Every structure is written in structure tokens, then in C-alpha cells.
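>>> Build me a model:
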Amino acid sequence: PTTGASLGVNALPGCVPLDIFGEGTLTAEMVNFLTVPTFSTTDIEESRIAGFVRGNIMELPAGPLAAVVGFEWRESRAEFRVDNEQRTGNIYGFNAVQDQGGTISVSELYGELSLPLVRDLPFAKYIGVDLGYRYSDYSSVGGLDTYKIGLEWEALDWLKFRTVYNSAVRAPSVFELYQNGDQGFATFIDPCMIQGGQAPSAQIAAFCALQTPGIDYSTGLTQNNTQTEAFAFGNPNLKPESAKTFTIGAVFQPDFFPIGNLRATVDYYDIEITDIIASLGVGYWIEQCYDSLSLTSAACQRVQRDTVTGQMDFVNTSRTNGGFYRTKGVDTQIDWSLNLEDYGMPGRLRVNELFTYVDELNFDGDDTVGYGYSSIGGANFDWKSVLSVTYDIADWTIFARWSHTPKLKDPVFTNAFDDTEYEMPAASYVDLSARWNVTDDFQLTAFIGNLFDKEAPQTPIGVYNGQANTDTQLYYPGLLGRTFSISARARF
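Residues are numbered from 1 along each chain as shown. Modelled structure (predicted):
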């Protein structure tokens, strides 16, 4: 319609014309017309019955043989409900979501054994083995076995070694099993359309015509949109994820440290997870459908075309077990404290350093260590440091924390157009807080986040994968800038 003309029957009920240009042009009436009240409700209910018996079975030369046996029954019910506005996608900028819910129950039997082997010998203050076994019977995936084997060796009063091998599982969640068709929009390539200037092969064109009778694909149609609507569903036939974990480490706590008290731990870990529950997206189902060339195949049942235009209409996606994950690395923690009163000064100083080195982070055969993907869980650092310093004096505690993640490689744009290697800048932020114990039952805390007001950098991969031209997870403090808060805690 021409400017200022009535929309007539096309107008929404209660339509209020808007003036979006200029400051203060939206009236309360206009804002009320744009506002959509909406709500969602999540109910999670868990019932649990458990019991155990523990005690010493017998006395051994190195100490008592201790055991615990027990049982546990749990039933978890989860339900997520939305109103009609969310169910129909009637909120600008948000996709439609659906009600979903389900119930999972599990019955478990377990036992653990602590077996002392050696005690009070040279370079063997204590050596012992820990064993554990658990059988779980899930209503969703059936019976599962898990176990652990651990060894502890206290060589000296100030030096201890430890290692554990663990077999673990994770049963699929209610959401993974019963997701009910949440809306999304995924990028895709339509094999029935012209791609790279070429029409589909005669075989593909003939199959596409079977999907939408009366439409000729042989001369080539143009794909109108790079995205198609997708509806995500759970899979009630999912299997559990399986994990094998191995850790070995040392605890160093000398009583002869010259200044203050020192405690350090170093642990190597190797974790492998198979049958990871992963989404099968739009691209997977389209590829499977046009490889099968069968209208009755499971994949082609999920791929639906508009029978009038021949364009892709929507794809129903799902989940499966099939992912693989492995990570290896070293975690180090150092704690040092000093009573300053021993040196004629008030208070106590505490320093804590957490340092993580990642040697491998493998997803389905691709090692992603040192790369940043600007998505949830996408900052795959090769090392990270978090240093905390605390000063206690009288009723006050002053706390400072410096977290630092080094530069990460950009996996998309590096060498994409030339030999340039793009990097995501390091993420380095300092927080500061002060806590005052006014009384034994009342406490005040002041906090400054991102003390030096560092901004989140714009990155090429952030433009490609993110919605803020940056990695909103890695640089989250920089999105908000310097923040302040004051909180109170009372005990009655």
C-alpha cells in the first residue's frame, strides 16, 4: 500500500501505526501493541528411595578391609510447557517451541571395597586399592554396568600418588528422548536445484519430480533460500553414552617449605566417550534421502517439499548415537598461604593457581585444541590460567582473580582466501571483591567485574558463527564492560 494508506483486512486486530524514526516516537499505546506477554513452565520432580550398609569386614595387617553395599531407586519426571505465543512462534526473533515431557526411572545396586595393602614401611606409608561396581536398570535403555579401580600410594608424609580407572555411562535425558518438534532454520544445499551453475543429474531430477509431481527439475530451478525450516525431535531409541576415564596424579604438601604453607596437585587425565548423543541435522537427512532415491526411506519421509513451488518446505531432524570424543591433558593446582602475623604484619595471605594444559581435544577424529569456534563450548584452549589472591584481615576479606585464556586460531578464515592465519585475541580479565562480616549473622560483599573495562574484540569467526561479531562465551565479561554489584547475606 501507499504510505499512510490503511492496510484494511491485512491489518492485525488492534493495529496501531508506528513511527520508528527519531527519539521518543513510540507512545505507550504503540509499545503495548508490540508487546507480547508470554510464559513457559518447567516442572522437574524426582522421587528417590535409597539405602546402604557399610562397615569393616575384617582386619588386615595394613588396616581394616572396609566395604559398602547399597541400593537406590529414582524416578525423574520432567515437563516443559509453553503458551500459545511460543508454540506458534508469534514472537519476533524467536523460533517456535513445543510442549514436551516424559518420565525415566532407574533401579541401582552398588558395592565398594577399600583394600589396604601396605602401611608404615619405607617409602610406603600407605598403599591401598579401591574397587567399585554399580548395576543400573533404566526404564529407557535397560541394564548398564559401571565400575572403577583406584590405587593410592602415600610414599612419604608429604608426597602421595593416586590413580583411577573408571568405566561410566550417561543415559539419555528426557529432552533428548522426547523433544517434540522445536522450530529452527538451518542452512542447506538443495540437490534438486541449480548448484554451481549446473542443473541436477537426470536421475536426481527424476526423483525430485516424484516428490512433487508436475514440476520439471531437469532444466534447473533456482534455490530461493539458503535456509529451510527444521523441526527437531527426540529419539526414544537412543542408547547411553559410554566413557572410559584414566587419571594419575600426585599431591605434594611439604611441612618443610621455607615460607608459608604449600600444597600442590598435578593430575594427568585421559577421557574417551563413545556413542555420544548428537543431532542429525538438515544436511544429514537431505544427503541420506537423495543417496537412497527412495520415497519410502526413513530419510525421505523427513524431507518435505512445497508441492506448488518445488522448493524445500521443511525437514524433521532427530538425534542418534554416533559421536566420539577424547581429551587428554594435565590439571595443576597450587595453594600457598602465609600468616603475616608471624612476620609482624596483620592478616593472612592466600594464593591459588589453577592451570590447565590440554594436549588433545578430539571430536570425531578432528583435534580442535587451540581453536575457537565462537559457539557454545567452542573456545578449545590449549592452556588456561586462573590466579586468585585473597587477603584476610579482621572482619574483612579482599579477593582478586585474574583469568587468562591465550590466543586461539580461527578455524574458518585461516588460509581461506590467502596464507593469512587469523587469531582470536587472548581473553584476560581481572575481578575484585571485598567482603565485610559485619556480625556473625550479617555479611556485605562488593564486587567489581572486569576491573579494567576491557571490551570484547570483534573477530572474523565471531561474524561467521556468532550473532554479536565476537565469541560471547570466551569474551563474556567484555560484552558487559566493567560491572558493579553489592550484595548482603543474613542468617536468621
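>>> any idea how far residue 130 lies from residue 429?
To residue 429, residue 130 is 39 Å away according to Cβ to Cβ, to the nearest Å. C-beta here means a position set from N, CA and C on the backbone, and glycine is covered the same way.
>>> If you could redo that for residue 22, that was the one I meant.
Distance, residue 22 to residue 429, using Cβ to Cβ: 38 Å.
>>> can you check residue 98 too?
With Cβ to Cβ as the criterion, residue 98 and residue 429 are 38 Å apart.
>>> which other residues reach stretch 182-195?
Contacts to stretch 182-195, defined as Cβ atoms under 8 Å, 6 or more residues apart in numbering, come from residues 89, 95-98, 200, 204-205, 208, 211, 217, 220-223, 226-232, 281-283, 286, 290, 305, 310-312, 315, 317.
>>> which residues does residue 26 contact?
Listed by Cβ under 8 Å, 6+ apart, the contact set of residue 26 reads 18-20.
>>> same thing but at 7 Å, please
Counting by Cβ atoms under 7 Å, 6 or more residues apart in numbering, residue 26 touches residue 18.
>>> For it, what is the enclosing helix or strand?
For residue 26, there is no helix or strand it lies in under DSSP states H and E.
>>> Hmm, residue 43 and residue 79 touching each other?
Yes: shown here, residue 79 and residue 43 form a contact pair, counting by Cβ atoms under 7 Å, at 4.6 Å.
>>> who has more neighbours, those two?
residue 79 (16 against 10; other Cβ atoms under 10 Å).
>>> Quick check: which element contains residue 462?
Here residue 462 is assigned to helix 460-465, by DSSP H and E.
>>> Where does residue 85 sit: helix, strand or coil?
Secondary structure state of residue 85, per DSSP: H, G, I helix; E, B strand; the rest coil, is helix.
>>> let's have the chain start at 14 instead
Fine by me, first position is 14 from now on; the one you just mentioned is residue 98.
>>> Can you get me a residue count around the closest residue to it other than its chain neighbours?
Excluding its sequence neighbours, the residue lying closest to residue 98 (Cβ to Cβ, 6 or more residues apart in numbering) is residue 51, at 4.5 Å. Residues near residue 51, counting by other Cβ under 10 Å, number 14.
>>> Helix, strand, or coil at residue 51?
coil.
>>> Can you tell me how far it is from residue 29?
Remark: distance between residue 51 and residue 29 (Cβ to Cβ) = 19 Å.
>>> thinking again about what came up before, in helices, which of the contacts of stretch 195-208 fall?
217-218, 221, 224, 295-296, 299, 303 (DSSP state H).
>>> which of those residues has the most neighbours?
residue 295 leads the ones in helices among the contacts of stretch 195-208 on contacts (other Cβ under 10 Å) with 26 neighbours.
>>> hang on, residue 189 is in a helix, isn't it?
Yes: judged by three-state DSSP, residue 189 forms part of a helix.
>>> and it, what does it touch?
Contacts of residue 189 by Cβ under 7 Å, 6+ apart are 247, 251, 290, 332.
>>> what about 6 Å?
247, 290, 332 (Cβ atoms under 6 Å, 6 or more residues apart in numbering).
>>> Any idea how many residues pack against the last one?
Okay, so that is residue 332. Residue 332: 20 neighbours (other Cβ under 10 Å).
>>> How about it: what's its closest non-neighbour residue?
For residue 332, the spatially nearest residue (Cβ to Cβ, 6+ apart) is residue 248, at 4.7 Å.
>>> do you know how far residue 410 is from residue 446?
Residue 410 is 8 Å from residue 446, by Cβ to Cβ.
>>> Same question for residue 221.
From residue 221 to residue 446 the distance is 62 Å (Cβ to Cβ).
>>> Same question for residue 219.
Residue 219 is 69 Å from residue 446, by Cβ to Cβ.
>>> So if I had to pick from the two, which one is more boxed in?
Neighbours per residue (other Cβ under 10 Å) separate residue 219 from residue 446, with residue 446 holding more: 17 against 13.
>>> That one sits in which helix or strand?
Element membership for residue 446, per DSSP H and E: strand 440-452.
>>> Looking at the contacts of residue 189, which is nearest residue 263?
Proximity of those to residue 263 (Cβ to Cβ) peaks at residue 290, which lies at 35.0 Å.
>>> Specify the beta-bridge partners of that closest one.
For residue 290, the residues forming beta bridges with it (DSSP bridges) are residue 334.
>>> Compute the number of surrounding residues for it.
Neighbour number of residue 290 under other Cβ under 10 Å is 21.
>>> before we move on, what about the one 10 residues further on?
Here the number of neighbours of residue 300 (other Cβ under 10 Å) works out to 15.
>>> what's next to the strand or helix carrying residue 372, contact-wise?
Applying DSSP H and E as the criterion places residue 372 in strand 361-376. Strand 361-376 is contacted by residues 338-353, 380-382, 393, 395-405 when judged by Cβ under 6 Å, 6+ apart.
>>> From residue 407, how far out is the nearest residue to residue 240 once chain neighbours are set aside?
Distances taken as Cβ to Cβ, 6+ apart put residue 198 closest to residue 240, at 4.5 Å, once the chain neighbours are dropped. Residue 198 is 58 Å from residue 407, where distance means Cβ to Cβ.
>>> out of these two, which sits in the busier spot?
With neighbours defined as other Cβ under 10 Å, residue 198 and residue 407 compare such that residue 198 has more, 14 against 9.
>>> Determine how far the helix or strand harbouring the more buried one lies from the middle of the whole chain.
Per DSSP H and E, residue 198 falls inside strand 193-200. Computed by Cα atoms, centre = their mean, to the nearest Å, the chain-centroid distance of strand 193-200 equals 19 Å.
>>> Could you list the low-pLDDT ranges of this structure?
Low-confidence segments of the chain, defined by pLDDT under 70: 14-22, 387-391, 427-433, 476-481.
>>> how about the helices in it?
Going by DSSP H, the chain shows helices at 41-47, 97-100, 187-191, 215-224, 295-305, 311-315, 473-478, 489-493.
>>> circling back: what's the ChimeraX line that selects buried ones from the contacts of strand 361-376?
Only the buried entries of the contacts of strand 361-376 go into this ChimeraX selection, using 16 or more other Cβ atoms under 10 Å:
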select :338,339,340,341,342,344,346,347,348,349,351,381,382,393,395,396,397,398,400,401,403,404,405
